[in-house]
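> this is the structure alone, sequence omitted:
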C-alpha cells in the first residue's frame, strides 16, 4: 500500500486528457506561454491544496512542482511563481473546468468483491449534506450568506454541499453546492438525474417529499429513505417479513381522494404516480438511542461516539428510537426487512466520508482559503477530487486484500501520501 501512494494518485484518478478536454470545453486554454502557469498545472494545484491544507500557496506549489518535474511535466519558466501569480492563475482557471472534471471522473469504484458495498445486486449509495466555512469577504457573503441570524448567526459565511457517495468506498460521485440557506432538498434535485438503475440510494428523513421521491426513482434506481412521523402510512397489505405495503400521496391532493386511492391500491389497481405511489414500509426500534430532531440519530452527530458503550448511563440511555423506512423494493423475496434495516445504517458511512473531507483533509474547524466565490467552488471541487482519488486507492487496495475498505485508515493513508509527495510513481499526467 505504501509504495502505491504519492501525488501520482491524483493523476491516476484525474488524467491529463480529461483535464485538457474540460479546459477546452470552457475555453480556459492558455493563450500563450510567457511563463504563465497552464490550466492543467492549476487543476493539480487545486487538488494539492486539499492535500496540503496547512501549507501556503508557495509551499503547495513547491511540493507540486517537484512531483511534476519527476514526471517531466514541469517547465522551468513556471518555477517558483509568486503567491500573486498563483492567485491570478487560479482565477484564470475558474471553477467550471473543475466541476466538469469531477463530473467526468467521479464514478463508483467498488467492485463486485468489495466488502460492505452491496445489498444483493444493488450498489449501496447515500445522499446527505454538510456545511463548510468560507472566508468572511463581501463577495462570499453575497454568494453564500451566513447560517442563522442575530446571536445565533454563524461567524463565517457557509457553503452548503449535498453529495451522493458510495457507502463501501466513501467515494463521492455527485455534488451540489449552494449557500448557507439553500435547502438540502433543492441541492439534491439536480443530482437525481445521475442515479443509476443498479443503485440503492439511502437517505434520511430530511430528503423525503412526494415529488422528490418520484424524481429520484424515475431512472429505475431503488430507494430506501427514512420517513418523518408526520407522514401517514396506511396499511395496504401486510407482508410475511413484518414489513407492509402502503401508499404515499401527493402533497395538496384533495383529502377525499385519499380513501379512494387507498382502496384502489388494496384492490391491486394501478395508481397514477402523479397522485399516489405504493411503497413498502419497514419499521423497527433501536435501543439506547436518544432521538435527535434534526433528521439524524444523536450518536451520528459525533461519529466517534459508541452508542453501545458501557461507560455510564448517559443521556437517553435505555430509550428506544423508532425508525420508519420506505422503499421502492416491494417484494420481500428481493430484500427482507432485516436486510433493509441493516442496509439503512450503512448511511452513516456518508458521515464518515464527510469527516474525512472536513477533518482529515482540511483540518477540524478550518476555514477554506478562497476569498471569492468562483475560487471557493474551485477549491471545493479540488477537495472532492482529492478525496475521491484517495478513496478509490483505498477501495482498490482493500478489495485486492479481501478486507472491508473501512479497515484501511483514511488519515493514515493521507499522511503517507503527504510524506511521499515527490516519490516516483507509475502514474503520470
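Nice, I can see it. Computed from a prediction, not measured in an experiment: that's the story for all the values here.

> would you map the strands across the stretch 101-250 of the chain?
In the stretch 101-250 of the chain, the strands defined using DSSP state E, counting those that start in this stretch lie at 118-119, 122-133, 158-166, 172-179, 199-203, 222-226, 237-238, 244-249.

> which among those is found nearest to residue 47?
strand 172-179 (13.7 Å; C-beta to C-beta). Glycine gets a C-beta too; all of them are placed from N, C-alpha and C.

> direction included, what does that closest one pair against?
Here strand 172-179 is paired, per DSSP bridges, with strand 158-166 (antiparallel).

> and the longest helix for the chain?
The helix that spans the most residues within the chain, counting by DSSP state H, is helix 373-401.

> before we move on, the earlier item: which stretch among the strands of the stretch 101-250 of the chain comes nearest residue 336?
Here strand 118-119 is closest among those (C-beta to C-beta), at 10.4 Å.

> number of residues surrounding residue 334?
15 (other C-beta atoms under 10 Å).

> for it, which non-adjacent residue is spatially closest?
Excluding the flanking residues, the one nearest residue 334 by C-beta to C-beta, 6 or more residues apart in numbering is residue 120, at 7.0 Å.

> confidence score at that neighbour?
Here the pLDDT value assigned to residue 120 is 95.

> any idea how far it is from residue 345?
17 Å (C-beta to C-beta, to the nearest Å).

> and residue 252, helix, strand or coil?
Using DSSP: H, G, I helix; E, B strand; the rest coil, the structure places residue 252 in coil.

> equivalent analysis for residue 274, please.
Residue 274 ends up coil, using three-state DSSP.

> look up the closest residue to it, ignoring the ones flanking it.
In space, residue 274 is closest to residue 250, 6.7 Å off (C-beta to C-beta, 6+ apart).

> spit out the contact partners of that neighbour.
210, 211, 274, 275, 276 (C-beta atoms under 8 Å, 6 or more residues apart in numbering).

> distance of the fourth one from residue 250?
Distance of residue 275 to residue 250, computed by C-beta to C-beta: 5 Å.

> list the contacts for the residue nearest the centre of the chain?
Nearest to the mean C-alpha position of the chain, by C-alpha atoms, centre = their mean, lies residue 163 at 3.2 Å. Residue 163 is in contact with 127, 128, 129, 172, 174, 175, 176, 350, 353, 384, counting by C-beta under 8 Å, 6+ apart.

> repeat that with 10 Å
Going by C-beta atoms under 10 Å, 6 or more residues apart in numbering, residue 163 touches 106, 126-130, 172-177, 187-188, 191, 350, 353-354, 357, 384, 387.

> and the helix or strand hosting residue 415, what does it pack onto?
Using DSSP states H and E, residue 415 sits in helix 410-419. Packing partners of helix 410-419 (3 or more C-beta pairs under 10 Å, 6 or more residues apart in numbering; DSSP states H and E): helix 8-13, helix 39-51, helix 348-355, helix 373-401.

> residue 152 is nearest to which of the ones you listed?
Closest among the helices and strands packed on helix 410-419, once you apply C-beta to C-beta, is helix 348-355, at 22.3 Å.

> give me the buried positions along that closest one.
Judged by neighbour count (16 or more other C-beta atoms under 10 Å), helix 348-355 contains these buried residues: 348, 349, 350, 351, 353, 354, 355.

> cool, and stretch 137-157?
Per 16+ other C-beta under 10 Å, stretch 137-157 contains these buried residues: 139, 140, 141, 143, 144, 145, 146, 147, 156, 157.

> ok, now stretch 257-266?
For stretch 257-266, by 16+ other C-beta under 10 Å, it's 258, 261, 262, 264, 265.

> and the worst-scoring helix or strand of the chain on mean pLDDT, what does it pack against?
The helix or strand of the chain with the poorest confidence is helix 8-13; it has a mean of 77 (mean pLDDT, DSSP states H and E). Under the contact definition 3+ C-beta pairs under 10 Å, 6+ apart, helix 8-13 sits against helix 39-51, helix 57-70, helix 373-401, helix 410-419.

> which among the ones you listed is found nearest to residue 232?
helix 373-401 (38.3 Å).

> from the chain's centre, how far out does the closest one sit?
Centroid separation for helix 373-401 versus its chain: 10 Å, with C-alpha atoms, centre = their mean, to the nearest Å.
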